[in-house]
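K.L.:
heads up, no residue letters with this:
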């Protein structure tokens with residue numbers, strides 16, 4: 001299933017972002033135009049992946065018999081976007097970043113569980 005592949009990719013991506021957040025020195029000059037352009041370039045594929053995941057996850061949860069609610073998918077999508085940006089701009093406390101990371105993993109894991117149940121039923 002496409003949703004399984006994208007969900008696994010999202011889990012890997014947010015783990016990489018978490019590591020980046022923890023190991024990058026801050027603060028970042030938000031007025032640095034070169035930095036802004038680099039972020040824009042580097043994050044484009046991440047945002048593309050996140051949008052693909054949203055589309056597939058929304059379709060998946062519309063089907064009956066899943067534990068994930070459409071609102072959880074939308075909230076997770078928003079959290080994923082925040083994780084991408086915060087990992088570059090370092091403009092959030094570690095505790096908040098960790099909460100976004102854990103919350104995203106929780107829903108992504110629930111989707112994977114639902115995919116496994118659907119495939120084995």
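P.N.:
Received it, and whenever you're ready, just let me know what you need. Nothing here was measured: the structure is a model prediction, and the numbers come from that model.

K.L.:
going forward, measure contacts and count neighbours with C-alpha atoms only.
P.N.:
Fine.

K.L.:
following element in sequence after the helix ranked longest in the chain, please.
P.N.:
Longest helix in the chain by number of residues, with DSSP state H as the criterion: helix 33-62. Where DSSP states H and E defines the elements, the next helix or strand beyond helix 33-62 is helix 70-89.

K.L.:
run through who's touching that next one.
P.N.:
14, 17-18, 20-21, 27-28, 30, 39, 43, 46-47, 50-51, 54, 57-58, 61-62, 92, 97, 100-101, 103-104, 107 (Cα atoms under 8 Å, 6 or more residues apart in numbering).

K.L.:
got the buried residues for that helix?
P.N.:
Residues of helix 70-89 classed as buried: 72-73, 76-77, 79-81, 83-89 (neighbour count, 16 or more other Cα atoms under 10 Å).

K.L.:
same check, this time on stretch 8-20
P.N.:
Using 16+ other Cα under 10 Å as the test for burial, stretch 8-20 gives 8, 9, 10, 11, 13, 14, 15, 17, 18, 20.

K.L.:
show me what the longest helix of the chain packs onto, helices and strands only.
P.N.:
helix 2-23, helix 70-89 (3 or more Cα pairs under 8 Å, 6 or more residues apart in numbering; DSSP states H and E).

K.L.:
nearest to residue 113 among these would be which one?
P.N.:
Closest approach to residue 113 among the helices and strands packed on helix 33-62 (Cα to Cα): helix 2-23, 9.6 Å.
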